[in-house]
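>>> quick one: sequence plus predicted model below, questions after.
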Amino acid sequence: MPLPAQKHVYEQEYALSRDKVWELLSNTDHLNRVIGLFPIRSTSFHFQNTNFFQELSAKVVGVVPMRWKEHPFQWVKNVRYDVVREYRGGPLKRFWGGIELEDTDTILSDGSRATKVKLFAEFTPANALGLVAIPIVGVSSMRKTLKYLQTYLQLKEQEKEHLLPQTEISYKVNTDELHRLLEELQRVSGDVKMTERLREHLMVSGDDQVIDMRPYELAKIWDMDREVLLRMFLYATKLGITNLSWHLICPNCRVSKSGAETMSGLKPQYHCDFCGINYEVNFDKYVELCFSVHPHLRRAYKQIFCVGGPAITPHIYVQLEIAAGNEAEFEYPKVPEQLRLRVLRSNQTVSIVRQQAGLQSRIQNSTLLESQANDMKSQASLAIRQAAAARIEDGHIHSGQLDIQYDGHGWSIPVVEEPLPGTLIKLVNHSRENVIVALEKDDWEDITVTASKVTTMHEFRSMFSSEVLAPGQQVGIENVTILFSDLLGSTAFYEQVGDAHAYGQVRNHFNFLISWVNANKGTLVKTIGDAVMAVFEYPENAVKTALDVQSHVDEFNRKYPSNTPIVIKMGLFQGPAIVVNSNQLLDYFGRTVNLAARMQGLSVGHDVVISKECSERPGVQALLASYEVQIEQFEQRLKGIDEVIQLTRVQIIAGNTLAV
């Protein structure tokens, strides 16, 4: 006779906002470590009979084997999550549990409300041993979860809210060597607070927090400048405090799936089992730089305690599994980001488009929706209008509710206007398969240190010149800015001043140029004769470099007097490029590089030639307004380029100085 399921519920109020409680409890990997659950030994993905699950295994106290099917976590961010596990063998047959969060009437000092936390679990024992295990392991874990939140409140009282609760285990750290290296790091960085925060982190944080550290994420937690912290991690790696590694992120689920200790260890293509796709290495989004504590300072072990919690995919606000023929509902959240609905694996999406300025009042009926859609002119608005008509015809719009149907081939409404927060979204699955639907951010999280970013930093190229791609390998980069400079009349310059003096002037001019490149967050790629090639993450930094150089070249000529002062030509272009290993250094090739070189060739000296599109960027417009310049618009057919290019020449007015 089957043993009945046991239901357990715990409720408690905490003086923490719902955002903070969610942040703490949705990090299920760290939570499971601290409350004493067991590391997962193996994992594999399965898609059988329209069901998706992961086959997992672990050993209780390192002895008793357990195997189970884990269904996808379901959640609504800041509201609830739950998970189902079906066990094969062992003391348990099934587990279903999760959390629910609710605001209370208690007002906290920051103006937010305290949170009532509800933990719920349903344990189905498989045998008599399960009856014993449920209170010892299952119910005990629920109590420890409540204690976890209480421990965080204690950390907050100690002004240590940047830390997470940890296990009672003391980590073995080579303290003397760590302190010696951190003192050296402090001398290099000059930042006492940042160095002390890193010291504390490496001393007391769990293994999961000192392996694969993400500088931008830590900068947010530590309330520090993220670019400065990234540079500190680079210096720390050079000193032997940390190691760096490269992680490949799946373009669909945006989760790290594989990695390499060196850039040369990257493969051209990777596979995501969950999404069932192959994807190529792309520096802009898919290659992330992470840092781990050096093993000679602390031996940290990479173990997994949860494979599907909400914190693993923080860009997803809502994730629901909808069985064939069933439906699911949730309230649309109030968020600053633009969102979309997506069926996982198949990637069939519903675009959620924000209203234009002046149309912020939300429609309450189908007539108003049609009227507003008709006022919009863009292609996206046309899709909205068509979707609106379909919704009116099918009767799928109601006051405060939006119904969207899925049939296995696509959604009934491919584009919708952003609903009001609190609007009930009803998803109906008319297909023959179970589907997992995510409401997620349309844009990627801005907490990733991409390879594209770091390889444009002069600190990285100077300290880690050996970090290059494998010979013959090339990697795409969607957006980078290339700047070229050259000397005007360099042949005549050598003739007039002599080779020795000219060579010295050229070397000095290289140092002059590179100093401005570095100061504006760019890095030198190479010198070619008298020319310089530099790379930047953003065109604004490249434009500012050119303006700074041309504004200070007279100062350079006064410092290094010559009968023939140097005159510098400059040009830049932004776009996609190919990154390759050239003589053990990263180099860039492609149309963007060719265009930048051609535009430098159009420079006449004391100027910079950029594209008209670049000159119209708001950031570039603001830069140009802060310098005394003359601007000339023109068009040119460049050698090797089919179309006529719209260009802008920015001429520095003699004697002009940088506006502060």
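Received it, and whenever you're ready, just let me know what you need. Numbering: from 1, shown residues only.

>>> name the SS class of R199, please.
Recorded secondary structure, R199: helix (DSSP: H, G, I helix; E, B strand; the rest coil).

>>> I figured it hits L182, correct?
Yes: between R199 and L182 there is a contact under CB atoms under 8 Å: 5.3 Å. C-beta coordinates here come from the backbone N, C-alpha and C atoms, glycine included.

>>> and the residue nearest to H430 when sequence neighbours are not counted, how close does it get to R214?
Nearest in space to H430, with sequence neighbours left out and distances taken as CB to CB, 6 or more residues apart in numbering, is D407 at 4.6 Å. Distance, D407 to R214, by CB to CB, to the nearest Å: 39 Å.

>>> between these two, which one's more packed in?
A direct count of neighbours by other CB atoms under 10 Å for D407 and R214 places R214 higher, at 19 against 13.

>>> and the more buried one, backbone torsions?
Backbone torsions for R214, taken as degrees, to the nearest 10, come to phi -110, psi 110.

>>> now do the contacts for it.
288, 290, 447-449 (CB atoms under 8 Å, 6 or more residues apart in numbering).

>>> repeat for F52
So F52 contacts 45-46, 71-72, 321, 434, 436 (CB under 8 Å, 6+ apart).

>>> what's the answer for M533, then?
M533 neighbours (CB under 8 Å, 6+ apart): 482-484, 524-527, 588, 593.

>>> C290 too?
212-214, 244-247, 259, 449.

>>> which residue packs closest to it, ignoring adjacent ones?
Residue nearest to C290 in three dimensions, not counting chain neighbours: D212, with 4.3 Å by CB to CB, 6+ apart.

>>> what's the burial count for L37?
Neighbour tally, L37, other CB under 10 Å: 17.

>>> quick check: it touching T167?
No: using CB under 8 Å, L37 is not in contact with T167, being 11.1 Å away.

>>> how close does R187 sit to Y235?
10 Å.

>>> for V188, same thing?
Computed as CB to CB, the V188 to Y235 distance reads 5 Å.

>>> again, but for V83
41 Å.

>>> what do you get for E537?
20 Å.

>>> out of these two, which sits in the busier spot?
Taking neighbours as other CB under 10 Å, E537 and Y235 compare with E537 leading, 21 against 17.

>>> can you pull out the low-pLDDT segments for the chain?
By pLDDT under 70, the low-scoring segments of the chain are 46-50, 61-62, 356-399, 490-501, 654-660.

>>> and the closest residue to E161 other than its chain neighbours, what does it touch?
Once flanking residues are discounted, E161 sits nearest to L155: 6.0 Å by CB to CB, 6+ apart. By CB under 8 Å, 6+ apart, the residues touching L155 are 161, 163, 165.

>>> among these, who's most crowded?
Most surrounded of those: other CB under 10 Å gives P165, at 21 neighbours.

>>> isn't that residue up against L146?
No: counting by CB under 8 Å, P165 does not reach L146; the two are 11.6 Å apart.

>>> now K257: how far from V307?
12 Å.

>>> before we move on, what about H296?
30 Å.

>>> try D284
27 Å.

>>> now E168
E168 is 25 Å from V307, by CB to CB.

>>> more neighbours: which of these two?
V307 (17 against 6).

>>> touching, that one and A58? I think so.
No: the pair V307 / A58 is not scored as a contact, 11.1 Å apart, by CB under 8 Å.

>>> and for these two, which residues touch both?
By the contact definition CB under 8 Å, 6+ apart, V307 and A58 are jointly contacted by I40.

>>> for V553, which three-state class applies?
Applying three-state DSSP: V553 is helix.

>>> and if you look at the one 5 residues further on?
The three-state label given to R558 by three-state DSSP is helix.

>>> how close does it sit to I277?
Distance, R558 to I277, by CB to CB: 59 Å.

>>> tell me which of those two has more neighbours.
Legend: neighbour count by other CB under 10 Å for R558 and I277, higher for I277 (15 against 9).

>>> now the residue lying closest to that one once chain neighbours are set aside: how far from L31?
Spatial nearest neighbour of I277, chain neighbours left out: N252 (6.2 Å); criterion: CB to CB, 6+ apart. The gap separating N252 from L31 is 26 Å, by CB to CB.

>>> neighbour count: these two, which is higher?
Set N252 next to L31 and count neighbours by other CB under 10 Å: L31 wins out with 23 against 16.

>>> so that one makes contact with T145?
Yes: L31 lies in contact with T145 (CB under 8 Å); the separation is 6.8 Å.

>>> list residues touching both of the two?
L25.

>>> ok, the contacts of R214 vs E478, which is closest?
E478 has its nearest neighbour among these in T448, at 14.0 Å by CB to CB.

>>> got a list of what the closest one touches?
214, 216, 249, 285, 288.

>>> if we use 7 Å, what do you get?
216, 288 (CB atoms under 7 Å, 6 or more residues apart in numbering).

>>> measure the nearest residue to I221 once chain neighbours are set aside to T523 for me?
Excluding its sequence neighbours, the residue lying closest to I221 (CB to CB, 6+ apart) is H162, at 5.4 Å. Separation of H162 from T523 (CB to CB): 31 Å.

>>> more crowded one of those two?
T523 (21 against 16).

>>> give me the element that one is part of.
strand 522-528 (DSSP states H and E).

>>> before we move on, what about K69?
Assigned by DSSP H and E, K69 falls in strand 64-70.

>>> buried residues in that strand?
For strand 64-70, the neighbour count (16 or more other CB atoms under 10 Å) marks 66, 68-70 as buried.

>>> cool, and stretch 502-522?
Buried, per 16+ other CB under 10 Å, within stretch 502-522: 502, 505-506, 509-510, 512-514, 516-518, 520-522.
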